[in-house]
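Visitor: give the three-dimensional model of this entry:
(one chain, ligands or ions: 1)
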Amino acid sequence: MELKICHLYPDILNLYGDRGNILCMEKRLRWRGISVTSEGVSIGQPLNVSSYDLFFIGGGQDFEQEVLLEDLKTGKSNEIKAAVDDGKTFLAICGGYQMLGAYYKTWDGHQCDFIGALNLYTVGQKERMIGNYAFTCEELPGINVVGFENHSGKTFLGEGVRPIGRVLSGSGNNGEDGGEGARYRNVFATYSHGCLLPKNPALCDHILTTALAAKYGEAALAPLDDTLERNAHQYMENRLLSKK
Ligand code: GLN
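Guide: Numbers count the residues shown, from 1 in each chain. This is a model prediction of the structure:
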């Protein structure tokens with residue numbers, strides 16, 4: 001088995017070490033003897049979505065998101081939309097999450113028309129939503145995800161898109177409806193930056209299983225020794241949810 005990862009705009013959407021999530025996916029595949037390659041595709045470079053199984057899009061500030069708009073219009077928007085519709089697996093974070101939606105209206109009034117692969121939109125506000133936070137994951141009952149968010153955009157989901165889970169602490173999608181992230185087909189989108197997957201190994205394996213199953217029909221990952229990962233997860237969960 002093999003997974004081919006495409007890192008979209010690695011030099012532009014690169015906040016908080018979001019790239020570490022690719023390293024985590026690579027490690028967890030290789031530790032199980034599964035081959036993996038990853039390749040960056042940025043501004044001006046052609047994107048052939050059929051060459052890849054899993055797409056990663058990190059976060060970026062409003063400025064960087066605006067920089068990408070012209071490049072998306074050169075055909076990448078259509079390619080990415082087709083990949084989503086075709087059941088390719090995506091992990092998109094914060095600015096990358098917003099980019100998969102219909103539009104982002106920044107707090108100072110700029111309208112960024114985005115890819116429209118997911119029925120959602122984002123509206124900025126002056127006050128940012130910042131901090132460590134925790135949320136449930138509908139597909140991983142009993143496991144809470146711990147993460148870090150920093151965004152001014154409030155995202156609202158439309159019909160056909162459901163949240164990854166419910167916010168237990170922090171703001172999540174918009175600080176209003178209690179939802180965090182978006183799930184549509186094989187897309188996982190979240191506001192959680194940085195070391196999301198290293199400290200949430202169950203979520204990492206769930207995303208990898210989704211990608212492998214989409215490619216090979218079925219997939220079961222062998223268990224790993226996750227003592228360190230679970231300790232990191234537990235530490236943050238205790239801090240956020242005051243579990244003793
Ligand atoms: N520019 C977006 C916002 O502030 C995304 C920021 C980010 O990716 N951290 O809402």
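Visitor: not counting sequence-adjacent ones, nearest residue to Ile143?
Guide: Ala202 (5.1 Å; CB to CB, 6 or more residues apart in numbering). All C-beta spots, glycine's among them, are computed from the backbone N, C-alpha and C.
Visitor: just give me the neighbour total for that neighbour.
Guide: 19 (other CB atoms under 10 Å).
Visitor: list phi and psi for it.
Guide: With angles defined as degrees, to the nearest 10, Ala202 sits at phi -70, psi -40.
Visitor: check which residues of the helix-or-strand element of the chain with minimal mean pLDDT are buried.
Guide: Here the helix or strand of the chain ranked lowest by mean pLDDT, DSSP states H and E is helix 62-71, holding a mean of 89. Buried residues in helix 62-71, counting neighbours by 16 or more other CB atoms under 10 Å, are found at 62, 64-65, 68, 71.
Visitor: could I get these in JSON lines, plus columns for distance to Gln98?
Guide: Listed next are these as JSON lines, based on distance: CB to CB, whole Å:
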{"residue": "Asp62", "distance to Gln98": "10"}
{"residue": "Glu64", "distance to Gln98": "11"}
{"residue": "Gln65", "distance to Gln98": "7"}
{"residue": "Leu68", "distance to Gln98": "11"}
{"residue": "Asp71", "distance to Gln98": "16"}
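Visitor: for the residue most central in space within the chain, what is the enclosing helix or strand?
Guide: Centrality entry for the chain: nearest residue to the mean C-alpha point is Ala92, 2.7 Å, by CA atoms, centre = their mean. Under the criterion of DSSP states H and E, Ala92 resides in strand 89-93.
Visitor: picking that back up, the residue nearest to the centre of the chain and the ligand, how far apart?
Guide: 10 Å (CB to the nearest ligand atom, to the nearest Å).
Visitor: and if you look at Asp11?
Guide: Counting by CB to the nearest ligand atom, the gap from Asp11 to the ligand is 15 Å.
Visitor: Ala134 too?
Guide: With CB to the nearest ligand atom as the criterion, Ala134 and the ligand are 18 Å apart.
Visitor: write out the residues of this protein neighbouring the ligand.
Guide: 15, 59-62, 65, 94-95, 98, 124, 150-153 (CB under 6 Å from any ligand atom).
Visitor: which strands and helices sit next to the longest strand along the chain?
Guide: As assigned by DSSP state E, the longest strand anywhere in the chain is strand 120-136. Strand 120-136 sits against strand 103-105, strand 144-157, strand 165-169, helix 227-241, with contacts defined as 3 or more CB pairs under 8 Å, 6 or more residues apart in numbering; DSSP states H and E.
Visitor: winner for burial among the ones you listed?
Guide: Highest mean neighbour count among these (mean count of other CB atoms under 10 Å): strand 144-157, with a mean of 22.
Visitor: average pLDDT for it?
Guide: Mean per-residue pLDDT for strand 144-157: 97.
Visitor: what's the angle between that strand and strand 89-93?
Guide: 90 degrees (axes from the mean of the first three to the mean of the last three CA atoms, to 10 degrees).
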